[in-house]
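1. Structure, please.
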Amino acid sequence: MTRLVSRRNILQASAAALPLTARSYARILGANDRIQIGQIGCGHRAGGHRRMLEKTSATDPNFDLRSVCDLWSVNRERAAADVEKRFGARPKMFQYSEQILADPELDAVMVGTGDHQHAKVLAEVVRAGKDCYCEKPMANTIEDAKLARDAVRASKQVVQMGSQWLSDPYQHRVREIIRGGKLGKIVSIDQSWNFNGPRWHSPKNPDIALLRERDTDWNRWLLGRPWRPFDPTVYFEFRIFKEFSGGITDQWYSHGSGLAHFYLDTFIPDDTVANGGIFAWHDVRENPDTFQCLSTFAEKEVLYSYSTTFGNAYGDHTIIRGTKGTLYSPGGEGSPQWWFLPETRSGWANNSVFDLKTGKVTPEAVTLPGSTEVPPVNQDDNLKAHTDNWFACMRNRKTPNGSIDTGFAHSVAVVMATRSFREGKKMYWDRKTEQILDHPA
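-> As a prediction, this is how the structure comes out:
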């Protein structure tokens, strides 16, 4: 029995008599301690989490996926079978979060619930004294974002946001280039990530026909959002319904804005204006299939633009422009392929700022130190480096790449963009009062 389990046995008797929110105690996980992990929410994204854990097990096998929790009985059974297949042992199954969190042997939880549930479940997890991996967006209301942030800050728990590209070594290399001044003064970032298809809506999804209200808990699933009659389509396709998600803003833009913050070493745009609509897929969706927003970072003096269309897949890119050079990625979300192109001249007429006199230049691939390999345009969402980082931080108690501050920042950016689109107004972030305003602070 490991030192971790021995310590738990000593504390278990006294902890059992306390309310769940008072069971938190400092965990010092050594290199040889087996981390005990659970999952809350066992849908599609949770399957990706299990694949990430399987990849991480190649370098850190000292963990058990000991329990799974989902409101829907079918999801619980499927997840338990998948855990047994991947890791060789069948986990415990629970319907409710308070049941899985009452386990004193549990160290950490991966949250893969619906968008509107993330923040409240995250707060519940850390108050129970467990470390957490919380899928993005962390929150899609300011109230929930503050709730989650305050709960994490009041705890001693290690929390990793599901913004996996913050652990990608190529994105770190891009930030190093920017920090090193190779691009000069950054003036703009432009992201365009696209798809051709009725994303997030599949009327032939067999789960929609399979789900029965008696096999789940509809009121619990709503988790404070306005009541409506039980609807399996909303249950599985919440991303396209505005009461539960912003759709493109919650999903792809949360990654995009998080990377913009990462590249610029700053958090939350000062203002955002958005537009778009349902232009391609006139189905049951309430959220736009075509969306664009424009923001400024006042202190950094950077213009940031983001766009997505689900009616055409051409021309994915990220472009970071500086006065001395450009970084260009020809891929979509999280693309590891980047190219650098210098600006050879700056000036107007006889007012020459600089002239490298190099003539025509060719793009230079961004590679990792000690390597000349150019990565592919796209990569798997289930990034091993991100769970590796979470595991390392659970053991050394340091702050992970996707910290609670990054989660709060992308949440605010998401809410600003969603509100701007829905209300037809430019939104402003008041850094002093931490409020979103429809006028300058």
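2. Let me see the contact set for the residue nearest to Val366 when sequence neighbours are not counted.
-> Counting by C-beta to C-beta, 6 or more residues apart in numbering, Val366 lies nearest to Trp338, which is 3.8 Å off, once chain neighbours are set aside. Every residue, glycine included, has its C-beta placed from N, CA and C. By C-beta atoms under 8 Å, 6 or more residues apart in numbering, the contact set of Trp338 is Tyr170, Arg173, Val174, Leu327, Tyr328, Ser329, Ala365, Val366.
3. Let's see that with 6 Å instead.
-> Under the criterion of C-beta atoms under 6 Å, 6 or more residues apart in numbering, the neighbours of Trp338 are Val174, Leu327, Ser329, Val366.
4. Closest one of those to Glu434?
-> Sorting the contacts of Trp338 by distance to Glu434 puts Val174 at the head of the list, at 29.0 Å, by C-beta to C-beta.
5. did I read that right, the closest one in a helix?
-> Yes: using DSSP: H, G, I helix; E, B strand; the rest coil, the secondary structure at Val174 is a helix.
6. Start the count at 845 instead of 1 going forward.
-> Got it, the first residue is 845 from now on, which makes the last one we talked about Val1018.
7. which residues touch it?
-> By C-beta under 6 Å, 6+ apart, Val1018 lies in contact with Leu1171, Trp1182.
8. distance of it from Gln1035?
-> Distance from Val1018 to Gln1035, counting by C-beta to C-beta, to the nearest Å: 13 Å.
9. Run through the strands of the stretch 845-994 of the chain in chain order.
-> In the stretch 845-994 of the chain, the strands defined using DSSP state E, counting those that start in this stretch lie at 879-884, 907-913, 936-938, 952-955, 975-978.
10. I'd like these as JSON lines, with mean pLDDT and distance to Glu1143 appended.
-> Formatted as JSON lines, the strands of the stretch 845-994 of the chain follow (pLDDT from 0 to 100; distance: least, C-beta to C-beta, whole Å):
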{"stretch": "strand 879-884", "mean pLDDT": "98", "distance to Glu1143": "37"}
{"stretch": "strand 907-913", "mean pLDDT": "98", "distance to Glu1143": "41"}
{"stretch": "strand 936-938", "mean pLDDT": "98", "distance to Glu1143": "46"}
{"stretch": "strand 952-955", "mean pLDDT": "98", "distance to Glu1143": "32"}
{"stretch": "strand 975-978", "mean pLDDT": "98", "distance to Glu1143": "28"}
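11. CSV for the ones you listed, including distance to Met1005 and mean neighbour count?
-> As requested, the strands of the stretch 845-994 of the chain are exported to CSV (distance: least, C-beta to C-beta, whole Å; neighbours: other C-beta atoms under 10 Å):
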stretch, distance to Met1005, mean neighbour count
strand 879-884, 15, 25
strand 907-913, 20, 24
strand 936-938, 24, 18
strand 952-955, 10, 27
strand 975-978, 6, 28
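12. Distance to Ile1084 for those - can I get that in TSV?
-> Formatted as TSV, these follow (distance: least, C-beta to C-beta, whole Å):
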stretch	distance to Ile1084
strand 879-884	23
strand 907-913	25
strand 936-938	29
strand 952-955	21
strand 975-978	22
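13. List the buried residues in stretch 1061-1074.
-> Applying a neighbour-count criterion of 16 or more other C-beta atoms under 10 Å, one finds Trp1062, Trp1065, Leu1066 buried in stretch 1061-1074.
14. Inside helices: which ones of these?
-> Among the buried residues of stretch 1061-1074, DSSP state H puts Trp1062, Trp1065, Leu1066 in helices.
15. doesn't Phe1074 make contact with the first one?
-> Yes: with contact defined as C-beta atoms under 6 Å, Trp1062 reaches Phe1074; the gap is 4.7 Å.
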